[in-house]
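> need a structure here:
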Amino acid sequence: MKKVKFKIYDCVVSQHRYPNGQIALMLRCAETGEPIAKATAALQITIPTDHVLIKDYAENKGILKALIEADVIEPPKKVIDWGFVEFHLCKLKPLED
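Take a look at the predicted model:
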C-alpha cells in the first residue's frame, strides 16, 4: 500500500470506484485509519480507465504534488476546467509496493 505525506498527516492510499466507474482515491491516517482527504472527483466525462481526476484546490491544496512525490500518480496529462475549478487528469500507478 502506498504511503503519502499530506500536510501534517502520514497517510495510506485506498482505491475505490465512483458510481460512474471512475477511480476514487482516499487518503487515510496511517495510524488510525481516519479519513483525511478524498483526492479525486468524478465528472461526467470520459477518461481512460487507468486515470484519475485529482482535486487540488481548497482543503486539498497540495495533494497533487504529494501524490506525485509518493509515486501514486504520474504528472498531469491535462487540466480540465470545470466551472470555477480545475481537475488534473493523471495516470494512476500501481498502489502495491
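
> buried stuff in the lengthiest strand in the chain?
What stands out as the longest strand in the chain, according to DSSP state E, is strand 9-17. Neighbour counts over strand 9-17 (16 or more other Cβ atoms under 10 Å) mark 9, 11-13 as buried. C-beta here means a position set from N, CA and C on the backbone, and glycine is covered the same way.

> what does stretch 73-82 give?
Buried residues in stretch 73-82 (16+ other Cβ under 10 Å): 73, 76.

> for stretch 37-47, same thing?
Those would be 37, 39-42, 47, for stretch 37-47 by 16+ other Cβ under 10 Å.

> before we move on, what about stretch 83-97?
For stretch 83-97, burial by neighbour count (16+ other Cβ under 10 Å) applies to 87-90, 92.

> could you do stretch 19-28 as well?
Neighbour-count burial for stretch 19-28 flags 22-28 (criterion: 16+ other Cβ under 10 Å).

> got those residues as TSV, with distance to residue 63 and secondary structure columns?
Shown next, in TSV, are the buried residues of stretch 19-28 (distance: Cβ to Cβ, whole Å; DSSP: H, G, I helix; E, B strand; the rest coil):
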residue	distance to residue 63	secondary structure
22	17	coil
23	15	strand
24	13	strand
25	9	strand
26	11	strand
27	8	strand
28	13	strand
